[in-house]
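**Student:** turn this into a model:
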Amino acid sequence: MHISIHGIDVRLASDCGAFTPSLNVDRGDVDGVYHATLQLDSKAALLLPDLKLAWDLPAVDFHYKWNPRCGQNRALDVGLGSFNHIQSAAHNGAPVFSLYNLAGINACTWALSDVVHETSTGGAYKSGQTFYCDAKVVGNSVGIVTRYVLTIRFDFRRIPYYEAITDISRYWEGLPGCAPCTVPAAARKPLLSSWYVYEIRFDPDDFEAQCRIAAETGFETAIMDDGWQTSQTTAGYENNGDWEVCKEKVPDLESHVARVHAMGMKYMAWFAVPLVGVQSKAFHRFKAMLLPGREGAKWYSFDMRFPEVREYLIERFESFVSRYRVDGLKLDFIDSCNDTNPGSAILEDGRRDCVSIGEGMCKLLGEAKQRLCAINPGILIEFRQGYTGPAMRTSANMLRAVDCANSLGDNRVRTLDLRLLAGSTAVHSDPITWNKDEPVHSAAMQIIHALFSVPQISMRLSDLPDAHRKMLRWQLAFCKSHEDVLQSGAFRPLYPHLLYPLVVARNAEKMVIAFYADMPMRIGDEALPADTYLVNGSYASELLLAVGQTQGRAFVTVMDCCGVRLRIENIVLSSGLHRFTVPPAGHVHLRCFSDETVS
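**Tutor:** Residues are numbered from 1 along each chain as shown. As a prediction, the model looks like this:
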């Protein structure tokens, strides 16, 4: 069984057993977009078999890939770490794959409509002439059904790859059960995180002192990470699962939170959602409702398919938020739940109310979000990269880059990858760190390379030199002043195969261009808005702007990484290449006027 889409043969490549399959194609709402739909029907409820659709793309004018897991490897190589095939489920990844050329122009981007159950998709070369693609569904994760429908959305338009990917995000938002939750204004404000400063050795008194400095520096939220729930001082989750405050470490959390609130900051707390340690009371209560772990493990994961487990966790969240009056929760390790038991055996057990882990996690997080919003309609909920797909955006209003302490390149790539699929959901950097003995411009680079996300910082602020504090205050002020364009403007992460050396965001009033490499930004005939900001995220001594048409006059202000004004001049932005001398981590502000305005 096969259909033709844009000259490509898409075929059913699996045995459907007793199910009757049909395969159809519909054109999308714009030329070049198609929906291929596989439907399986059975008169009796049966366990869905594993499914596979396959298609072969001639290797014509595409050179690299993008998907949510590719990280720093965009090549179409055959290595085991290439992520040319990606696994997805509601709580893990997202089923989308994009192929594009050296100019970043889309050749083929596709996505699956099933964003809850276990799927995989991608492709691979054999001879190098053809990229052999497929999409697979793990039948066990769907379970016993009489009907199953899967749609693959294909986009063959020759448009910038980032437009094709963001259109996938919008497509998913329109699917049943995938409408993203609202994003409170507080979700877009700078945060101070405890994690890299204390790790599991949380110190409430010292953190409170850091919050006092943070409030004066421009932070608006504090996150108490791991450690508050355990007497342990070394990494491990042996006694996780009860979610009771460890009085040895935090004698009076309620008063601690109240004092931070009095500083004008919001307060969030960390929970490792599925993890339950063998030393906890919860382990003994729910021992029969845990996912299998390795022999001798010191902690396991809850099986979210048990209603009793979900209710227990939601009650823990509700109780904590109500008692300690925190403003949000950082929900961690959601992607650490997996099970390979057959779907038929799961349902025959009778105690679970769904087959797939993804469904169970959606039930947990959806109900938790609803009940927490009843306590605080503006509740902040953070999820970490890895479980940031469309089914997760229904419950989280903050999506954070996965851990990458003091790795500005990773923070840049991870936040920009997140932005491509996040839609209106706030994207956060991994907590930013640096060595306090760094040159101040080098420290500033950590923030600049996460510029198009909400900055989270995890530093002991009282230890910072005065120059670093001044830099931090000014960088946060820049992020907050231009939040509208940095986080919500039209977004162009260019040259993804080079890991985004140039990134542009703009709206009607302003534009921000970040230079992460010593290369020119070509704006062609695009008219600049009234205010354009050039940010030097490299160690180059000048920024190059290639202008296609005369823009008129511009007042130029050059600042260093601390906001100190270095130079002001008046220029004509004529057609051609313009060089702006600026130090590393410095900024250039172009205030543009037409000749008529100046005269």
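
**Student:** just the buried residues of stretch 583-592, please?
**Tutor:** Of the residues in stretch 583-592, 583-590, 592 count as buried by neighbour count, 16 or more other Cβ atoms under 10 Å. Just so you know, the C-beta spots here come from the backbone N, C-alpha and C atoms, and that holds for glycine as well.

**Student:** can you list these in TSV and add distance to Ile523?
**Tutor:** Shown next, in TSV, are these (distance: Cβ to Cβ, whole Å):
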residue	distance to Ile523
Pro583	23
Pro584	23
Ala585	22
Gly586	20
His587	18
Val588	14
His589	16
Leu590	11
Cys592	12
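
**Student:** ranges for the strands of the stretch 301-450 of the chain?
**Tutor:** 328-332, 380-384, 398-400, 426-428 (DSSP state E, counting those that start in this stretch).

**Student:** could I get those strands as JSON lines with mean neighbour count and mean pLDDT?
**Tutor:** Rendered in JSON lines, the data for these read as follows (neighbours: other Cβ atoms under 10 Å; pLDDT from 0 to 100):
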{"stretch": "strand 328-332", "mean neighbour count": "23", "mean pLDDT": "98"}
{"stretch": "strand 380-384", "mean neighbour count": "24", "mean pLDDT": "98"}
{"stretch": "strand 398-400", "mean neighbour count": "28", "mean pLDDT": "98"}
{"stretch": "strand 426-428", "mean neighbour count": "26", "mean pLDDT": "98"}
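
**Student:** those: which one's closest to Asn570?
**Tutor:** Nearest to Asn570 among those is strand 426-428 (37.1 Å), distances taken as Cβ to Cβ.

**Student:** so which residues make contact with that closest one?
**Tutor:** Contacts to strand 426-428, defined as Cβ atoms under 8 Å, 6 or more residues apart in numbering, come from residues 183, 187-188, 191, 382, 397-401, 415, 418-419, 452-456, 487.

**Student:** and if you look at stretch 568-579?
**Tutor:** Contacts to stretch 568-579, defined as Cβ under 8 Å, 6+ apart, come from residues 520, 528, 542-558, 590, 592.

**Student:** repeat that for stretch 509-523.
**Tutor:** By Cβ under 8 Å, 6+ apart, stretch 509-523 touches 412, 448-449, 451-452, 482, 484-486, 489, 498, 500-506, 528-540, 543-548, 577.

**Student:** distance of the spatially most central residue of the chain from Asp525?
**Tutor:** For the chain, Leu418 is the residue whose C-alpha lies nearest the centre (Cα atoms, centre = their mean; 3.4 Å). Applying Cβ to Cβ, to the nearest Å, the value for Leu418 to Asp525 is 31 Å.

**Student:** which intervals of the chain have sub-threshold pLDDT?
**Tutor:** Per-residue confidence for the chain (pLDDT under 70) gives these ranges: 80, 340-345, 347-348, 594-599.

**Student:** how is it divided into domains?
**Tutor:** 2-173, 186-400, 490-598 (automatic domain parsing).

**Student:** nearest to Leu476, of these?
**Tutor:** Minimum separation from Leu476 across the domains of the chain (Cβ to Cβ) falls at domain 186-400, 3.6 Å.

**Student:** okay, the strands of the stretch 301-450 of the chain in JSON lines with distance to His35 next?
**Tutor:** Formatted as JSON lines, the strands of the stretch 301-450 of the chain follow (distance: least, Cβ to Cβ, whole Å):
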{"stretch": "strand 328-332", "distance to His35": "33"}
{"stretch": "strand 380-384", "distance to His35": "28"}
{"stretch": "strand 398-400", "distance to His35": "27"}
{"stretch": "strand 426-428", "distance to His35": "28"}
